[in-house]
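[1] Please work out how this folds:
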Amino acid sequence: MTTPGLDAILSERRQLLNLAYRLLGSLAEAEDAVQETCTRWYAMSPRQQAAIESPGAWLTTVASRICLNVLDSARARRETYVGEWLPEPLPGHTDSGAAADPADRITLDESINLAFLVVLEAMTPAERVAFILHDVFRYSFAEVAEIVGRTPAACRQLASSARRRIRAAQPSATTATQQAGIIRDFKQAWEAKDIDTLIGLLDPDAVAVGDGGGLATTFLDPIEGGEQIAHAWIEIARRRSDDMTFLERTVNGTPGVVAEQNGVIVTVFAFEVTDEKIKRIWVVRNPEKLRHWTTG
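    Numbers count the residues shown, from 1 in each chain. Prediction:
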C-alpha cells in the first residue's frame, strides 16, 4: 500500500476543518485541532502511515477525539469567561478577505448557522460529537462508537437526545428572502431611531446576548423582552460615533448586520427570525472572534 502524499492529506483538511468547527464553535480552536491531527500523522514513520488502511478515517477519528477533549476542557474555561460565550461567527465567502482564509473552506449550510451552534453549546460533549458525526457527516453509529469510546447503542441514544434538543429549538420556517427583508427593516429602523418599528419587528419574548469576552464593551447579561431590546438598540444608535456604519452582511450563511469603524468590522450581529419576528439577537464584539472579518 502506498503512503498518501501531501496533496492527499491536504485534501482532507477541508473536511476536518468543517467537522472541527461544528464540533467546537470556534474556527481558531478548529484550526488548532486540525493542525494537531496533521502533526500526529506526520509524526508517524512512512511504514506506520502505509499500514493505515484508510487515512481519511484515521484523520477523522483523531480530529474528533481531539475535539472531544477540547470540549471537555472548554466547559471549565468558559466558567471564567467574562460574560456570555458565543460561537465564533463566520463571514459569507463574498464578505471574506483573502481567498486563503480558512473561513473560505467552511461549507455554509443549516448546520453552521449561529442558532444551530448555540443549541449545540447546550449539549454534552459526547452528545455533540455523536450528533454531528452521525446526523451531519453521516458516519454510522459503529464508526461513531469507535471515536467516542461508547457502544453503538449508547451513541444512538446520544444522537437522539441531541436531535430532540435541535427540534425543540427549531424556529418556524422563514425563507432567506423574508429574513433578509426583516433584518433590513430592523437595520433601517435602528439607524432612524424608530423605536416603534423596532418593537414591532421584535418578538415580545426576544432575547439579545452579547459576547465581548472582557476585551470589548458589551452588555454582560442577556437582554430579555422585545421592548427592552428596542430601547437598548436605540441607546446604541445614540452613542454611535460618526465613523461607524452598519452594513448588511451574511453571518454563518444567514442575513446579518455588522458594525464597521474606521474600515474595521468591530461587531457582528446575528439573528434568529421566527414567524416573521426577530426572536434572538447575538452580538459578537470579542476581537479574537472577528479576525476573519474584513471590509471585503
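
[2] Show me where the stretch 1-150 of the chain has its helices.
    All helices of the stretch 1-150 of the chain, identified by DSSP state H, counting those that start in this stretch, fall at 6-24, 27-42, 46-50, 55-79, 114-121, 125-131, 141-148.

[3] ok, and which of those helices has the densest surroundings?
    helix 125-131 (a mean of 24; mean count of other Cβ atoms under 10 Å). From N, CA and C alone the C-beta is placed, and that goes for glycine too.

[4] any idea how far that one is from the chain center?
    Distance of helix 125-131 from the chain centroid (Cα atoms, centre = their mean, to the nearest Å) equals 16 Å.

[5] Now do it: everything it contacts.
    Applying Cβ atoms under 8 Å, 6 or more residues apart in numbering, the external contacts of helix 125-131 come out as 23, 64, 67-68, 71-72, 75, 120, 123, 141, 144, 147-148, 150, 155, 158-159, 161-163, 165-166.

[6] got a list of what the nearest residue to Ala130 once chain neighbours are set aside touches?
    Using Cβ to Cβ, 6 or more residues apart in numbering and skipping residues adjacent in sequence, the residue nearest Ala130 is Leu158, 3.9 Å away. If a contact means Cβ under 8 Å, 6+ apart, then Leu158 has Thr124, Ala126, Glu127, Ala130, Phe131, Val148, Arg150 as its contacts.

[7] how close does the fourth one get to Asp72?
    When you say that, I think you mean Ala130. According to Cβ to Cβ, to the nearest Å, Ala130 and Asp72 sit 14 Å apart.

[8] Equivalent analysis for the second one, please.
    Relative to Asp72, Ala126 is positioned 9 Å away (criterion: Cβ to Cβ).

[9] Run the chain-centre distance for the helix or strand harbouring Trp282.
    Following DSSP states H and E, one finds Trp282 within strand 277-284. Relative to its chain's centre, strand 277-284 lies at 14 Å (Cα atoms, centre = their mean).

[10] Work out the sheet partners of it and label each with its direction, please.
    strand 202-211 (parallel), strand 264-274 (antiparallel) (DSSP bridges).

[11] Which among those strands is found nearest to Arg13?
    For Arg13, the closest of the strands paired with strand 277-284 is strand 264-274, at 25.2 Å, according to Cβ to Cβ.

[12] So what touches the closest one?
    By Cβ under 8 Å, 6+ apart, strand 264-274 touches 89, 113-115, 171-172, 174, 178-179, 182-183, 186, 203, 216, 244, 249, 251-252, 254-260, 278-285, 287, 290, 293-295.

[13] can I assume Thr245 is in contact with Glu260?
    Yes: judged on Cβ atoms under 8 Å, Thr245 makes contact with Glu260 at a distance of 5.2 Å.

[14] So what does Phe246 have for phi and psi?
    phi -100, psi 130 (degrees, to the nearest 10).

[15] ok, it to Leu71 distance?
    Distance from Phe246 to Leu71, by Cβ to Cβ: 34 Å.

[16] repeat for Leu24
    Using Cβ to Cβ, Leu24 is found at 7 Å from Leu71.

[17] One more: Thr267?
    Thr267 is 27 Å from Leu71, by Cβ to Cβ.
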